[in-house]
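Colleague: Sequence plus predicted model, see below.
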Amino acid sequence: MRELLAQVDTAWILVCATALVVAALLAVLAVWKRHRKAPVGDLAFMSQRLIDVSSGLDTPSIEKAIREAEAKGQPNKLPSLYYVLAQRMIEAGETAKAQGLLQRSIRDAATADQDEVHGRARVVLGDLAHEDGDLTTACEHWQIARALFVELKQHDDHESVEARMLRNGCPTDWVLNDF
């Protein structure tokens, strides 16, 4: 009987030790994924992260990075670059160009599964539509952005868009189709 108990105790200890090691490895992996940073100097690094709009990149540098990504067949780099270039166009007062770039960013982000870029571009495009007096289009863009931020579990971004929608009288219970 003692032998049987010893075997059970040894097996139980091995199972518990293995479970602890697996849990520790998963925790380390989760922390690493959360804290890894974009490579320094890579203008077009994007998966679900945006190039810092305040990074000081000038318009010619962004345009060059776009041309290079297009020439090298790197479509995953384009959504964030279009987004940042649109921000530069807005700063320069060229909102029509910015709207076109934001639409390209949205289209490419949707294709590349870059929901954060897609959502942020929708917010800005909604803001531009609102400034032009087109509340319906603004609400549609904000609604889509809000849904994307829910999927991404980006609570602060979701709340910000929700507040923007409520402040401007947008319906918050829309079901959108074909956008």
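Modeller: Structure received. Nothing here was measured: the structure is a model prediction, and the numbers come from that model.

Colleague: Show the subsequent helix or strand relative to the lowest-mean-pLDDT helix or strand in the chain.
Modeller: Considering only helices and strands, the least confidently modelled element of the chain by mean pLDDT, DSSP states H and E is helix 2-35, at a mean of 59. Scanning forward in sequence from helix 2-35 by DSSP states H and E, the next helix or strand is helix 59-71.

Colleague: Now that next one: buried residues?
Modeller: Neighbour-count burial for helix 59-71, counted by 16 or more other CB atoms under 10 Å, picks out Ile62, Ala65, Ile66, Ala69. No exception for glycine: its C-beta is placed from N, CA and C like everyone else's.

Colleague: In CSV: those residues, plus pLDDT and distance to Ser105.
Modeller: Compiled in CSV, the buried residues of helix 59-71 are given as follows (pLDDT from 0 to 100; distance: CB to CB, whole Å):
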residue, pLDDT, distance to Ser105
Ile62, 91, 12
Ala65, 91, 14
Ile66, 93, 11
Ala69, 92, 13
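
Colleague: Quick check: of the residues you listed, which lies closest to Gly126?
Modeller: Minimum distance to Gly126 across the buried residues of helix 59-71 is 22.4 Å, recorded for Ile62 (CB to CB).

Colleague: For this structure, give me the ranges with low pLDDT.
Modeller: Residue ranges of the chain with pLDDT under 70: 1-12, 14-17, 19-56, 173-179.

Colleague: now do 90
Modeller: 1-58, 171-179 (pLDDT under 90).

Colleague: what about Asp132, distance to Trp142?
Modeller: Distance of Asp132 to Trp142, computed by CB to CB, to the nearest Å: 14 Å.

Colleague: more neighbours, the two?
Modeller: Neighbours were counted for Asp132 and for Trp142 using other CB atoms under 10 Å; Trp142 has more, 26 against 12.

Colleague: Just the CA trace of the host helix or strand of that one, in CSV.
Modeller: Secondary structure assignment for Trp142, by DSSP H and E: helix 135-151. Below are the C-alpha coordinates for helix 135-151, written out as CSV (Å, rounded to 0.1, in the frame of the first residue of the first chain):
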residue,chain,number,x,y,z
LEU,A,135,-23.5,64.2,-39.4
THR,A,136,-24.9,61.1,-41.0
THR,A,137,-21.6,60.1,-42.5
ALA,A,138,-19.8,61.1,-39.4
CYS,A,139,-22.0,58.9,-37.3
GLU,A,140,-21.6,55.9,-39.7
HIS,A,141,-17.8,56.2,-39.4
TRP,A,142,-17.8,56.5,-35.7
GLN,A,143,-20.2,53.6,-35.3
ILE,A,144,-17.8,51.3,-37.3
ALA,A,145,-14.8,52.6,-35.3
ARG,A,146,-16.7,51.9,-32.0
ALA,A,147,-17.4,48.3,-33.1
LEU,A,148,-13.8,47.8,-34.0
PHE,A,149,-12.6,49.0,-30.7
VAL,A,150,-15.0,46.7,-28.9
GLU,A,151,-13.6,43.8,-30.8
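
Colleague: This completes my enquiry, with thanks.
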